[in-house]
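[1] return a 3D structure for these sequence lines:
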Amino acid sequence: MVYLPSLWNDFQTGWDDQWAVMNRYTEDGFTKENLQAVFGDYYYGQYSPVNTVFYMMIYDVFGYNPLIFHLYSLLLHIANCCLLFLFLRQIAAIFTNRASQGNPSILVFAATLLFAVHPLQVESVCWISASKIPLYTFFILLSLLAFLRYTDTGKVWFYFVSFVLFMCAFGSKEQAIVLPATLLLLDWALGRDRKPGRFGNWPELLLEKLPFILFALFAALYTRSHQSLEYTEQVAGYPFWQRLVFACYSLVVYAGRLVLPTRLLYIYPFPMAPGSELPLLYLIYPVVVAAAIYLLCVNIRKIPRPVIFGLLFYLVNMALMLHVVPMSRFMITADRYVYLASAGLFFIAACYAVPWLQKMAVTGKKVSLPLSCATCCIWAVMRISVPMHGRTAIR
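    Next up, the predicted model:
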């Protein structure tokens with residue numbers, strides 16, 4: 001219901017749809033030569049052949065009908081909400097006896113609801129050219145579920161399925177290469193690392209992930225060699241210490257937008273050109289991150305494991321987009337980059353909010369639940385007017 005208006009939007013021909021969607025790959029059909037080109041080329045410095053194949057399928061049946069392309073993105077988002085619920089339900093089941101209280105399904109539903117309707121997801125769902133983001137998330141979540149099934153049953157078939165889905169995720173969006181780190185995070189959550197000895201069971205777990213790690217390294221090097229030289233050199237033009245400042249800024253700002261989603265834009269440029277002086281205001285963010293790390297380290301034994309899991313899930317899935325390693329991106333942040341990572345922070349929010357709401361209900365304070373529902377409703381209907389090419393684009 002929230003995203004229903006997006007189905008009547010047109011193509012954004014002033015902002016990438018004119019080349020990312022409407023191109024010769026989409027139009028040339030399922031020929032051997034075209035498929036070789038789709039899977040072998042880095043088009044405009046980007047590699048998303050699996051997403052392009054879906055564009056080809058839609059065009060083959062419906063032509064350039066914007067409604068169908070928007071429906072494709074919306075259905076992916078709906079599927080991701082269902083998969084995220086299944087994934088978080090298994091994660092909550094792991095921790096439920098140690099940290100969470102009440103019905104874990106309510107906690108998981110709350111986290112999934114936030115993921116479903118939060119305004120920061122609008123760019124990923126309503127901009128057709130960003131459909132590679134929901135698509136790679138779809139394959140990542142399937143891969144994580146398959147891996148959890150492998151750890152539960154010990155059947156190698158599920159391990160193989162998880163690896164194939166990982167390759168599909170990379171074929172949808174390069175950001176998927178951090179999956180091996182997420183799998184190791186799952187090992188920690190499941191307690192698979194617990195074994196007597198200095199390093200526990202980590203050597204065996206790393207060996208188990210070797211195919212994933214090798215593929216991720218290959219994919220990273222392959223992507224790096226095909227990045228747009230102009231934008232890569234632009235980001236590389238910033239000194240390493242400045243890129244670390246940008247990373248701290250991004251971590252704080254993304255989290256802030258998830259808490260207070262206001263003043264969202266379609267582009268967030270770097271604060272200055274390479275070689276220019278960094279605005280002093282940005283030096284606050286490393287201090288904030290350092291203080292947060294210090295507090296986490298001091299109180300690590302008091303922090304519930306679900307909270308640690310959610311925070312690490314957020315950090316792992318944001319790692320590639322923090323500019324520490326130069327990427328061919330000309331914006332310091334983008335709403336779509338936090339699409340999957342946001343689930344980690346939503347899980348943390350639910351871990352604290354749901355027990356509090358249940359406690360308030362018991363003590364007779366009836367204001368908390370309506371307030372929470374009102375917040376979700378406000379997020380669901382938020383719209384932002386952005387001047388673009390002489391018109392106003394409503395998001």
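[2] for the strand or helix carrying A169, name the packing helices and strands.
    A169 is part of helix 156-170 when elements are defined by DSSP states H and E. Helix 156-170 is packed against helix 132-153, helix 210-225, with contacts defined by 3 or more C-beta pairs under 8 Å, 6 or more residues apart in numbering; DSSP states H and E. C-beta: built from backbone N, CA, C; applies to glycine.
[3] what about it, distance to the chain center?
    19 Å (C-alpha atoms, centre = their mean, to the nearest Å).
[4] most packed of the helices and strands packed on helix 156-170?
    Of all these, helix 132-153 carries the top mean neighbour count, a mean of 22, counting by mean count of other C-beta atoms under 10 Å.
[5] could you tell me the angle between it and helix 210-225?
    If you take axes from the mean of the first three to the mean of the last three C-alpha atoms, to 10 degrees, helix 132-153 sits at 170 degrees to helix 210-225.
[6] centroid residue for this structure?
    The chain has L340 as the residue nearest its centroid, 2.3 Å off, counting by C-alpha atoms, centre = their mean.
[7] which residues does the nearest residue to L312 once chain neighbours are set aside contact?
    Sequence neighbours aside, L185 is the residue nearest to L312 in space, at 5.4 Å (criterion: C-beta to C-beta, 6 or more residues apart in numbering). Applying C-beta atoms under 8 Å, 6 or more residues apart in numbering to L185 gives the contacts 309, 312-313, 316.
[8] and the pLDDT for the residue lying closest to M321 once chain neighbours are set aside?
    Nearest residue to M321, sequence neighbours excluded (C-beta to C-beta, 6+ apart): Y337, at 4.3 Å. Note for Y337: predicted pLDDT of 91.
[9] got it, and the one 10 residues further on?
    In the prediction, the pLDDT value recorded for F347 is 94.
[10] okay, now the unreliable bits of this protein?
    97-103, 195-200, 226-236, 326-329, 361-366, 368, 383-395 (pLDDT under 70).
[11] select the longest helix from it.
    Ranked by residue count and defined by DSSP state H, the top helix of the chain is helix 66-95.
[12] on that earlier part again, next, format the helices and strands packed on helix 156-170 as JSON lines and append distance to E277.
    Shown next, in JSON lines, are the helices and strands packed on helix 156-170 (distance: least, C-beta to C-beta, whole Å):
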{"stretch": "helix 132-153", "distance to E277": "34"}
{"stretch": "helix 210-225", "distance to E277": "29"}
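[13] so where do the strands sit in this structure?
    Ranges of strands within the chain are 268-269, 331-333, 385-388, 391-394, based on DSSP state E.
[14] quick one, what contacts the closest residue to the residue nearest to the centre of the chain other than its chain neighbours?
    Leaving aside its sequence neighbours, L340 sits nearest to T137 (C-beta to C-beta, 6+ apart; 4.6 Å). Applying C-beta under 8 Å, 6+ apart to T137 gives the contacts 76, 80, 339-340.
[15] for T137, give its distance to W356.
    29 Å (C-beta to C-beta, to the nearest Å).
[16] same deal with S225?
    Taking C-beta to C-beta, one finds S225 at 50 Å from W356.
[17] same deal with Q18?
    For Q18, the distance to W356 - C-beta to C-beta - is 48 Å.
[18] ditto for V117
    20 Å.
[19] and if you look at Y249?
    Looking at Y249 against W356, where the rule is C-beta to C-beta, the gap reads 30 Å.
[20] pull the contacting residues for the closest residue to N317 other than its chain neighbours.
    Among residues not flanking N317 along the chain, A341 sits closest, at 3.8 Å (C-beta to C-beta, 6+ apart). Contact analysis of A341 by C-beta under 8 Å, 6+ apart lists 254, 313-318.
[21] in helices only, show me these.
    Those of the contacts of A341 lying in helices (DSSP H): 254, 313-318.
[22] from the contacts of L185, pick the one nearest R24.
    V316 (36.1 Å; C-beta to C-beta).
[23] just the endpoints, please. Distance across stretch 295-314?
    Using C-alpha to C-alpha, to the nearest Å, the end-to-end distance of stretch 295-314 comes to 18 Å.
[24] how distant is it from the center of its chain?
    20 Å.
[25] same thing with stretch 353-363?
    Per C-alpha atoms, centre = their mean, the centroid offset for stretch 353-363 relative to its chain is 30 Å.
[26] ok, and the closest non-adjacent residue to E27?
    Excluding the flanking residues, the one nearest E27 by C-beta to C-beta, 6+ apart is Y59, at 6.5 Å.
[27] next, count neighbours for that neighbour.
    20 (other C-beta atoms under 10 Å).
[28] with that, I have no additional questions.
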